[in-house]
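Trainee: attaching a predicted model along with its sequence, questions to come.
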Amino acid sequence: MRGIFLTLTFLLNAAWLFSQDDVFSNKTNVALEKVIRDFPNRFHNIKGDMIAQHPQMAEYKTTITVPGASYCSIWKYNVANNEIYNWNCTTFNSPNFMQARARFKEVYDQIENTIIKLEGQKPFILNAQYHTPTELHNMNLISFELLPQVDEMKNIKIDLSLEKESGIWKVKLNVYEGKLPLSGVTAAVQ
């Protein structure tokens, strides 16, 4: 009887642990993989309703967000008769630099070495060198590479930034076409 009780206790504890999504899954990694998969489609499959339109750009809702994020959207820029898209997500806001830096490291750890599988292609790996952010810089940036770089995936850029805006530190994740400078993305999102 005692053996059955111990086995039942073990199984219940295992079931409880496996039901805790955050313990065994990386939802940031999963969301980012979905975004990158749709990059060749110019985010068409994850683009929602239009939020705002300006002469050279438009902002759309996104169907893919990072859990706990305060804001995620897709931007379409009209540059030299070409449309360039950017998926961006603010994953954390705080006036406290140390809290923001900790979240920045956490997001980095969640996406570093992510394996991205696109149908009909060999898997890609996200890779970047971590640099500890400093409060002396209002913009701290880590750019990830998608390896190997082939075909339409050559132009993809994945950036993780820790930025100070109006006294608030923001951790942001951006996926965009390489032709678009991050400063343009940041200025447009504000």
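Mentor: Noted; the coordinates are in hand.
Trainee: in a strand, Val107, correct?
Mentor: No - under DSSP: H, G, I helix; E, B strand; the rest coil, Val107 falls outside any strand and is assigned helix.
Trainee: settle this for me: it is touching Leu173, isn't it.
Mentor: Yes - counting by CB atoms under 8 Å, Leu173 is a contact partner of Val107 at 6.6 Å. (Each C-beta comes from the backbone N, C-alpha and C, glycine too.)
Trainee: next, show the common contact partners of these two.
Mentor: Both Val107 and Leu173 are contacted by Thr28, Val66, Thr91, Leu160, under the criterion CB atoms under 8 Å, 6 or more residues apart in numbering.
Trainee: from those residues, which is closest to Ile142?
Mentor: Nearest to Ile142 out of these is Leu160 (CB to CB; 4.7 Å).
Trainee: and stretch 149-166, which residues are buried?
Mentor: By neighbour count on 16 or more other CB atoms under 10 Å, the buried set for stretch 149-166 is Met153, Ile156, Lys157, Ile158, Asp159, Leu160, Ser161, Leu162, Glu163, Lys164.
Trainee: residues contacting the fifth one?
Mentor: Asp159 is in contact with Leu141, Ile142, Ser143, Phe144, Lys172, Leu173, Asn174, Tyr176, Leu182, counting by CB under 8 Å, 6+ apart.
Trainee: so it bridges to which residues?
Mentor: Asp159 has these beta-bridge partners by DSSP bridges: Ser143, Asn174.
Trainee: quickly note the distance from it to Pro95.
Mentor: To Pro95, Asp159 is 23 Å away according to CB to CB, to the nearest Å.
Trainee: cool, and Asp151?
Mentor: In terms of CB to CB, Asp151 sits 43 Å off from Pro95.
Trainee: from the contacts of Asp159, which shows the smallest pLDDT?
Mentor: pLDDT is lowest at Leu182 among these; the value there is 45.
Trainee: could you look up the SS state of Thr132?
Mentor: Per three-state DSSP, Thr132 ends up coil.
Trainee: CA atoms of the longest strand anywhere in the chain as CSV?
Mentor: Looking across the chain with DSSP state E, the single longest strand is strand 82-94. This file holds the C-alpha atoms of strand 82-94, laid out as CSV (Å, rounded to 0.1, in the frame of the first residue of the first chain):
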residue,chain,number,x,y,z
ASN,A,82,9.8,49.5,-51.5
GLU,A,83,7.9,48.2,-48.5
ILE,A,84,9.9,47.2,-45.5
TYR,A,85,8.4,45.5,-42.5
ASN,A,86,9.4,45.5,-38.8
TRP,A,87,7.9,43.4,-36.0
ASN,A,88,8.7,45.0,-32.6
CYS,A,89,7.8,44.1,-29.1
THR,A,90,8.4,45.9,-25.8
THR,A,91,8.9,43.1,-23.4
PHE,A,92,9.5,45.1,-20.2
ASN,A,93,9.3,48.7,-18.8
SER,A,94,10.7,50.0,-15.6
